[in-house]
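[1] no sequence on this one, just coordinates:
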Ligand SMILES: [Zn+2]
């Protein structure tokens, strides 16, 4: 307490000159008197998080494997709830959802021809990391795989994407009744999509392995000498079809409260009908070495010193998977700091707790950062500094199985969230390296960038925005684009799935921000992703964890305390225009007339710019009257909800956002209804989807214009 107190004084003193620089102090959404107070609160907040405390949290969360449904993960839920109470959080509760859980009972893979080889399906312990000897580490398995006992020939199907099966067909290879061996990423696609693709092709099973070209020795030194995956590392993971509908497969679209109606497993659209296992390259190599058939295409060759062949006859395996997939509780921990003035406006921060094993990076780095964020907010509360809006903190469960805990919670509180949520700030992994990788919806990207300009990269002591610009420039250069990135390119506004923001953005129309620091990370979902890996490679010294806590909490504070919510719809419109341009480029000329949509986006941008100006002008005049502020902020939140189409995407109605969805691979997908129709060449459906978008943009232009009129009049019109 005392160390934090003195740090606070020093920081406030250092910030005082900047706070006097002018109205609003460059803080979007704040009048100058509120900005000064906000700066002081942010400085006090930033002084709390410490690398030592973060490391202690991290050690605690990474001490044991804690997958969803395990007793250890439940214990951690109770631990978090108790700690939050001690820290001073309010309304701490543990929600229970009864969902389809998944665990292996027995798994084995034996090559029976041409030679016998028993796959270990286990990772080899290393002396440098005592945790790797923990007897509670599981074998490799794929969450929500079905059970199977089958003997069949093996076919190498590259990355297991649909185009790979085309290549096999051209080579006269039929995978029906066979077991396909695919690699994780070349290019990357979510393993559930590989499973669905194999299922559709009629395969009898799927083996997904980590090729060293992607995350092993071909990339650099392997653990414990480097951050890449060693010979026996296994990427566990679920193969749930949560790109169709996430959450508990048995309660699609409604919460899994105890006693809730459930669909039959055979009717559950997100449940795989195929069995599979993940393999290390150590276990995949004997299969690949013995394959017959044509030599695989050049870009199918991997990092092992052998000639990759397509197979299909010679190598036969016996695959046995017995899964324990049954309904069991998931626990979501929720805690709050109630808002002093606007308690029914919620800013939500969340991170998942469940990990395949120790979860060094994924997600315990994020959990450690979260605990420092809540500790700092508890301290602020104790010193009498309560945010204006309510902060809601959530520790999700079952993210790794199907984004389950967050989805059930979102469905549980859908009405409240629709009325009250201002934004959702997600952190899955906090740090696997030093590269800042923020994402945000178009209206919130400028808020994130503003803050990145203010905070320092702890390694270089330069503004984080500069490091971000360098990272983006490098990534672009790798794709052959030498153009220097503009400000609009720095925060990624193309948001796919694969984490807990999904229910908020895609189902509820709550705008989201995602934060992480990235780096070379080859041990994802393996038992080597632990405490030692983090301290050797990911973030020795925990500086990026602490910075992440600071960014996460500061963004929450800005959204919670702003006089007028700082959503930038002109920015949204600029990004929308790019989405349309990308679609146009990808579409055959003349098939799609998007002139009207483009005109509507232009009008939306004009309205957004006027709102930015009117807001700045109003804030220059001082803190707006509460009633005016309430109306303006309500309008801003309504704009975000208006992107929802109640009918949802054709074929997957749970996904309701007209601007954002994810492909089946988890990759981002903009203007999803329109883009999917255009890609399928269904021009009638595309025209209907374009009309839905036009209406949404027009509705929002009208809404923003109305907000501008209220602001300009300076007082609310008669009700
Ligand atoms: Zn995660």
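    Structure received. Treat the numbers as computed from the prediction; the structure is a model and nothing was measured.

[2] from here on, contacts and neighbour counts on C-alpha atoms
    Noted.

[3] quick one: residue 81 from the ion, how far?
    Per Cα to the ion, to the nearest Å, residue 81 is found 20 Å from the ion.

[4] host element of that residue?
    helix 71-87 (DSSP states H and E).

[5] Same check on residue 321?
    Going by DSSP H and E, residue 321 is in strand 311-324.

[6] Relative to residue 516, how far out is the residue of the stretch 601-719 of the chain at minimum distance from the ion?
    Relative to the ion, the nearest point of the stretch 601-719 of the chain is residue 666 (13.5 Å; Cα to the ion). Going from residue 666 to residue 516 by Cα to Cα, to the nearest Å gives 17 Å.

[7] related to what we said a few turns ago, and the strand holding residue 321, average pLDDT?
    Across strand 311-324, pLDDT averages out at 97.

[8] For that strand, which strands pair with it and how are they oriented?
    When pairing is defined by DSSP bridges, strand 311-324 lines up against strand 103-113 (antiparallel), strand 148-156 (antiparallel).

[9] what's the neighbour count on residue 301?
    17 (other Cα atoms under 10 Å).

[10] Quick one, grab the pLDDT at the closest residue to it other than its chain neighbours.
    Distances taken as Cα to Cα, 6 or more residues apart in numbering place residue 308 nearest to residue 301, at 5.6 Å, with adjacent residues excluded. We note a pLDDT of 98 for residue 308 in this prediction.

[11] Enumerate every residue touching residue 308.
    Taking Cα atoms under 8 Å, 6 or more residues apart in numbering, we find residue 308 in contact with 288, 289, 291, 295, 296, 300, 301, 302.

[12] Same check on residue 209?
    Counted by Cα under 8 Å, 6+ apart, residue 209 has contacts 181, 182, 183, 184, 234, 235, 278, 279, 280, 281, 284.

[13] which of the residues you listed are close to the ion?
    Filtering these for proximity to the ion by Cα under 5 Å from the ion leaves nothing.

[14] What is the nearest of those residues to the ion?
    residue 235 (12.7 Å).

[15] ok, now which ones touch the closest one?
    By Cα under 8 Å, 6+ apart, residue 235 lies in contact with 140, 209, 210, 278, 279, 280, 523, 524, 525, 526.

[16] quick one: the top helix by length along the chain to chain centroid distance?
    Across the chain, the helix with the greatest residue count (assigned by DSSP state H) is helix 683-713. When C-alpha coordinates are averaged (Cα atoms, centre = their mean, to the nearest Å), helix 683-713 and its chain have centres 28 Å apart.

[17] Which strands or helices does that helix pack on?
    helix 595-620, helix 626-641, helix 672-679 (3 or more Cα pairs under 8 Å, 6 or more residues apart in numbering; DSSP states H and E).

[18] between the ones you listed, which one is nearest to residue 530?
    Nearest of those to residue 530, taken as Cα to Cα: helix 672-679 at 36.9 Å.

[19] Next, the angle helix 683-713 makes with that closest one.
    150 degrees (axes from the mean of the first three to the mean of the last three Cα atoms, to 10 degrees).

[20] Tell me the buried residues in helix 672-679?
    Buried residues in helix 672-679, counting neighbours by 16 or more other Cα atoms under 10 Å, are found at 672, 673, 674, 675, 676, 677, 678.

[21] Near the ion, which residues of the stretch 301-450 of the chain are found?
    Going by Cα under 5 Å from the ion, the residues of the stretch 301-450 of the chain near the ion are 362, 363, 428.

[22] who in this protein is up against the ion?
    362, 363, 428.

[23] which one of those residues is nearest residue 373?
    The closest of the residues of the chain next to the ion, once distances to residue 373 are taken by Cα to Cα, is residue 428, at 14.2 Å.

[24] isn't residue 476 right next to residue 482, touching?
    Yes - with contact defined as Cα atoms under 8 Å, residue 476 counts as touching residue 482 (6.7 Å).

[25] For those two, indicate the residue with more neighbours.
    Taking other Cα under 10 Å, residue 476 and residue 482 do not tie; residue 476 has more neighbours (15 against 12).

[26] Read off the pLDDT value for the residue most central in space within the chain.
    The centre of the chain sits closest to residue 499, judged by Cα atoms, centre = their mean, with a distance of 3.3 Å. You'll see residue 499 listed with a pLDDT of 97.

[27] likewise the one 4 residues further on?
    On the pLDDT scale, residue 503 is placed at 98.

[28] And for the one 4 residues further on?
    In this model, residue 507 is scored at 98, pLDDT.

[29] low-confidence ranges in this protein?
    1-24, 715-719 (pLDDT under 70).

[30] mind running it again at 50?
    1-23, 715-719 (pLDDT under 50).

[31] quick one on the thing from earlier: and residue 666 and residue 516? which has more neighbours close in?
    residue 516 (25 against 21).

[32] Ignoring the adjacent residues along the chain, who's closest to that one?
    residue 430 (4.9 Å).

[33] Burial check on the residue lying closest to residue 55 once chain neighbours are set aside, number of neighbours?
    Closest residue in space to residue 55, ignoring its immediate chain neighbours: residue 542 at 6.7 Å, by Cα to Cα, 6+ apart. The tally of other residues near residue 542 (other Cα under 10 Å) stands at 22.

[34] so who does residue 542 touch?
    Residue 542 neighbours (Cα under 8 Å, 6+ apart): 51, 52, 54, 55, 535.

[35] The fourth one and the ion, how far apart?
    Translated: residue 55. 19 Å.

[36] buried stuff in the helix or strand harbouring that residue?
    Taking DSSP H and E as the criterion, residue 55 maps to helix 51-61. Buried residues in helix 51-61, counted by 16+ other Cα under 10 Å: 51, 53, 54, 55, 57, 58, 59, 61.

[37] If I take that helix and helix 71-87, what angle do their directions form?
    Going by the same axes, to 10 degrees, helix 51-61 makes 150 degrees with helix 71-87.
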